[in-house]
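**Student:** Make a model of this:
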Amino acid sequence: KGEIEQVEYYENPIRTKTGEERIIAWHNALLRDASGKIIGLLSSGEDITERKRAEEALAHERDLLQALMDNMPDTIYFKDTASRFTRINKAQAQALGVRDPQEVTGKTDSDFFADEHARAAYADEQKMVETGEALIAKEEKVRRADGTFHWVSATKVPIKDAAGHVTGIVGISRDITERKQAEEALRESEEQYRTTLNSMDSCIHVIDEDFRIILFNEAFERFNKKLGLTTNALGLPLSEVFPFLTENVYDEYRRVFENGETIVTEDKYEFESEIIFTECHKIPVVKSGKVEKVVTLLRDVTEHKRLETQLLQAQKMEAVGHLAGGVAHDFNNILTVILGYAAFTQRTLSPDDELFQNLEQIRTAGEKAAVLTRQLLAFSRQQIMQPKDLNINEVVDGLLKMIWRVIGEDIDLKFISGRQLGTVHADPGQIEQILMNLCVNARDAMPKGGTLTLETENVLIGEGYRKTHPWVDEGRYVLISVTDTGHGMDEETRSQVFEPFFTTKEVGKGTGLGLATVYGIVKQHDGMIDVYSEVGKGTTFKVYLPIVERQAEEVGNKIEGPARGGTETLLFAEDHESLRRMTLELLETAGYTVLVATDGQEALEVFEAHADEISLVLLDVVMPKLSGRDVCDRIRAINPDVRTLFTSGYSANAIHTRFVLDEGIELIRKPYDMHVLLRKIREALDRK
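**Tutor:** This next block holds a predicted model:
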């Protein structure tokens with residue numbers, strides 16, 4: 001008996017007769033007899049060429065897959081049905097904080113991640129094992145081994161056998177941290193953009209090529225709500241949102257889309273409740289050389305237009321005022337001479353003399369002309385004021401009888417007085433002039449009778465009211481309201497009502513200076529005036545006078561005695577030659593010794609030379625070289641007790657005085673009556 005030695009395995013290639021190379025697997029064993037002598041060789045061969053090729057291909061694919069896995073930035077891992085790692089790539093090993101991927105085999109997420117994440121991952125994977133459904137692109141925030149947080153998009157797919165049973169899990173996670181950061185930055189940018197867009201006062205909306213609105217801001221919604229238009233405009237065509245747009249507007253949009261030009265227009269839209277002025281910018285949005293959208297930026301400039309109109313009106317009134325004031329000043333000087341010589345000549349005649357009567361007609365006409373010049377001065381805000389602290393209720397009370405006589409029996413007069421009315425610093429005569437002019441105007445608006453209501457009250461104008469009434473100044477005011485129930489005014493008439501020489505009355509029945517006078521006086525008192533009127537319903541004029549924190553003085557009319565002369569020495573300064581000569585003759589006739597100066601500098605020099613002799617100084621407010629105020633100040637520095645009187649026909653050059661006299665300084669307005677002049681001089685000299 002012999003034995004077979006251990007079989008040995010060999011593989012070696014052979015070449016067939018056709019030249020093809022094949023791989024043969026050999027199993028060889030030596031045969032020995034009972035004595036151990038080799039007696040033969042047992043050998044068998046198997047062609048394993050196809051199997052070897054399949055193994056090589058599989059190994060190549062495995063190596064290729066491993067290389068692919070290890071060089072991918074995404075983390076890749078395989079798990080069994082108990083969620084234990086069986087294989088990972090280098091990216092996953094790095095994320096887990098291990099050097100060798102083999103270290104994680106048999107471990108779970110609990111060994112590497114926080115409990116919250118590990119439990120969530122385990123729940124997802126066990127659900128997948130049960131249902132066989134994949135988990136696609138789940139975004140989650142995970143903390144890596146180095147402590148940094150990353151956003152990942154995880155996809156997990158079940159591995160199934162031929163029978164469809166789940167045998168494992170393969171997962172791939174992509175780091176989307178940069179994308180998330182970019183999305184967050186974009187979200188913040190969009191939020192800032194939206195905040196900026198909504199913080200703009202301008203209405204903004206964007207349209208596409210079909211003229212549909214694809215974006216708008218909050219100002220757009222507010223604008224539409226104000227006009228009663230739809231605010232939910234997204235996706236709607238322009239024609240549905242703004243049904244009043246003309247074809248010309250659509251032509252402008254077409255030009256923007258076709259030519260890429262920006263178009264700016266000013267438009268006017270009339271609605272039932274109001275008229276709106278807008279400034280519209282149509283701006284192209286270009287992409288790849290083509291206009292894709294048009295941004296419309298719309299500003300409501302109605303208030304701007306109104307203020308612009310007010311400014312133009314104020315400038316016009318100012319220009320007319322300067323012109324009127326200049327004419328009034330020159331005319332006053334002429335009237336003073338005419339009236340003075342007429343009165344002076346009358347003193348030499350009998351009242352029954354025909355020449356006396358003719359001179360009386362001259363005086364009457366001159367005094368009417370003087371009234372007109374005073375109205376011009378009032379309008380131009382260059383009257384000289386003698387303000388006092390007043391209670392307006394007392395002023396109105398003192399005028400009620402006169403107002404009642406002026407308006408007639410057909411008009412019902414009401415006075416509603418405000419309680420604890422504030423004190424105003426104003427010229428009582430000019431306030432009376434305001435009230436009389438407004439009441440006469442109200443009377444003329446009610447030819448068939450009606451009701452005239454005077455009201456006074458304290459008002460506080462704050463920031464909120466000023467926002468809707470830009471023409472007002474903040475502060476505390478006494479408000480005087482004069483309301484009639486007359487025919488009212490339309491907008492065109494109301495806009496011109498304070499202009500000088502504007503009147504709706506018949507020729508010969510009005511000068512057009514009444515309300516212009518009121519306007520000028522109010523402005524000179526740092527006040528405000530407004531008018532509200534509706535055709536067929538009536539009109540209300542509102543006069544606002546600033547309140548001062550002082551007790552008001554009593555207002556009353558003084559009874560003037562007859563004019564008397566005297567023997568004192570007077571200094572008289574006047575630059576107008578005819579007026580100077582006439583006044584000098586009048587004063588000397590009354591018994592006074594008169595020293596004459598033709599300008600301010602000469603007046604000062606004359607006073608310095610005769611200071612001990614001069615009892616009273618009569619100065620024109622505006623003179624060459626030195627103004628009357630300057631002369632007065634310097635004279636009082638020499639002799640504080642000297643009496644001083646001012647005369648004025650007003651001049652634009654005197655605006656620096658603000659036409660306000662100090663307490664105790666009397667004013668004689670030109671053209672002055674000779675009796676008034678003599679009386680004022682006598683009162684000043686006799687005053688203690």
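**Student:** Stretch 623-641 spans what distance, first to last residue?
**Tutor:** Start-to-end span of stretch 623-641 (Cα to Cα, to the nearest Å) is 23 Å.
**Student:** Same question for stretch 589-607.
**Tutor:** Chord length of stretch 589-607, first to last residue, is 22 Å (Cα to Cα).
**Student:** low-scoring stretches of the stretch 351-500 of the chain, by residue?
**Tutor:** 370-385, 463-471, 495-496, 499-500 (pLDDT under 70).
**Student:** typo on my end, it should be the stretch 51-200 of the chain
**Tutor:** Scanning the stretch 51-200 of the chain residue by residue, the ranges that satisfy pLDDT under 70 are 145.
**Student:** now the helices for it?
**Tutor:** 90-96, 115-131, 177-199 (DSSP state H, counting those that start in this stretch).
**Student:** could you say what helices and strands the shortest one packs with?
**Tutor:** Contacts defined by 3 or more Cβ pairs under 8 Å, 6 or more residues apart in numbering; DSSP states H and E place helix 90-96 against helix 49-71, strand 75-79. Any C-beta I mention is one placed from the backbone N, CA and C, and that applies to glycine too.
**Student:** pull the CA atoms of it into CSV?
**Tutor:** Taking C-alpha atoms only, helix 90-96 is exported to CSV below (Å, rounded to 0.1, in the frame of the first residue of the first chain):
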residue,chain,number,x,y,z
LYS,A,90,-11.7,59.2,4.4
ALA,A,91,-14.0,62.2,4.5
GLN,A,92,-16.2,60.5,7.0
ALA,A,93,-13.2,59.4,9.0
GLN,A,94,-12.0,63.0,9.1
ALA,A,95,-15.5,64.2,10.2
LEU,A,96,-15.6,61.6,12.9
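**Student:** what's next to that helix, contact-wise?
**Tutor:** 69-77, 88, 99-101, 103-104, 112, 144-145, 173 (Cβ atoms under 8 Å, 6 or more residues apart in numbering).
**Student:** what kind of secondary structure is R494 in?
**Tutor:** Following DSSP: H, G, I helix; E, B strand; the rest coil, we place R494 in the helix state.
**Student:** Give me whichever of the helices of the stretch 51-200 of the chain is most buried.
**Tutor:** Among these, helix 90-96 has the highest mean neighbour count (mean count of other Cβ atoms under 10 Å), at a mean of 20.
**Student:** before we move on, back to that, between the helices of the stretch 51-200 of the chain, which one is closest to G488.
**Tutor:** Distance to G488, taken as Cβ to Cβ, is lowest for helix 177-199 among the helices of the stretch 51-200 of the chain, at 42.3 Å.
**Student:** which strands and helices sit next to that closest one?
**Tutor:** Using 3+ Cβ pairs under 8 Å, 6+ apart, helix 177-199 is in contact with strand 149-160.
**Student:** which strands and helices sit next to the strand it packs on?
**Tutor:** helix 115-131, strand 135-143, strand 166-175, helix 177-199.
**Student:** change it to 6 Å
**Tutor:** Judged by 3 or more Cβ pairs under 6 Å, 6 or more residues apart in numbering; DSSP states H and E, strand 149-160 is in contact with strand 135-143, strand 166-175, helix 177-199.
**Student:** Check which element follows the one helix or strand I431 maps to along the chain.
**Tutor:** Element membership for I431 (DSSP states H and E) is helix 428-444. Using DSSP H and E, the helix or strand that follows helix 428-444 towards the C-terminus is strand 450-461.
**Student:** Just the buried positions in that next one, please.
**Tutor:** Buried positions in strand 450-461, judged by neighbour count with 16 or more other Cβ atoms under 10 Å: G450, L452, T453, L454, E455, T456, E457, I461.
**Student:** V104 contacts T86, correct?
**Tutor:** No: the criterion here is Cβ atoms under 6 Å, and V104 misses it with T86 at 9.1 Å.
**Student:** circling back to that earlier point, need the helices of the stretch 51-200 of the chain in CSV (columns: distance to V531).
**Tutor:** Listed next are those as CSV, based on distance: least, Cβ to Cβ, whole Å:
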stretch, distance to V531
helix 90-96, 81
helix 115-131, 74
helix 177-199, 37
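**Student:** Which one of these lies nearest to Q601?
**Tutor:** Closest among those, using Cβ to Cβ: helix 177-199, at 62.7 Å.
**Student:** Can you name the residues in contact with that closest one?
**Tutor:** Helix 177-199 is contacted from outside by H150, W151, N217, E218, using Cβ atoms under 6 Å, 6 or more residues apart in numbering.
**Student:** and the angle for it with strand 135-143?
**Tutor:** 90 degrees (axes from the mean of the first three to the mean of the last three Cα atoms, to 10 degrees).
**Student:** Helices of the stretch 251-400 of the chain, start to end?
**Tutor:** 302-346, 354-379, 392-407.
**Student:** Which other helices and strands does the last one contact?
**Tutor:** This means helix 392-407. By 3+ Cβ pairs under 6 Å, 6+ apart, helix 392-407 packs against helix 428-444, strand 450-461.
**Student:** Following that helix in sequence, what is the next regular element?
**Tutor:** strand 411-416.
**Student:** Name only those of the contacts of helix 90-96 that count as buried.
**Tutor:** By neighbour count, with 16+ other Cβ under 10 Å, the contacts of helix 90-96 hold M69, D74, T75, I76, Y77, I88, P101, V104, F112, R144, S173 as buried.
**Student:** need those residues in TSV with distance to T155, can you?
**Tutor:** Compiled in TSV, the buried ones among the contacts of helix 90-96 are given as follows (distance: Cβ to Cβ, whole Å):
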residue	distance to T155
M69	15
D74	9
T75	11
I76	10
Y77	12
I88	15
P101	20
V104	19
F112	19
R144	19
S173	8
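**Student:** what's the closest of those to Q126?
**Tutor:** Distance to Q126, by Cβ to Cβ, is smallest for Y77 among these, at 15.9 Å.
**Student:** which residues touch the closest one?
**Tutor:** So Y77 contacts F85, I88, Q92, G171 (Cβ under 6 Å, 6+ apart).
**Student:** Turn those into CSV, including distance to D33.
**Tutor:** Listed next are the contacts of Y77 as CSV, based on distance: Cβ to Cβ, whole Å:
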residue, distance to D33
F85, 58
I88, 58
Q92, 62
G171, 64
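**Student:** quick check, nearest of those to L390?
**Tutor:** Distance to L390 across the contacts of Y77 (Cβ to Cβ) is lowest for G171, with 92.9 Å.
**Student:** give me the number of residues near that closest one?
**Tutor:** If you count neighbours by other Cβ atoms under 10 Å, G171 ends up with 21.
**Student:** which residues touch the nearest residue to it once chain neighbours are set aside?
**Tutor:** Nearest non-adjacent residue to G171, counting by Cβ to Cβ, 6 or more residues apart in numbering: K156, 4.2 Å away. By Cβ under 6 Å, 6+ apart, the contact list for K156 reads L135, I169, G171.
**Student:** out of everything not next to it in sequence, what's closest to the first one?
**Tutor:** Right, L135. K156 (4.4 Å).
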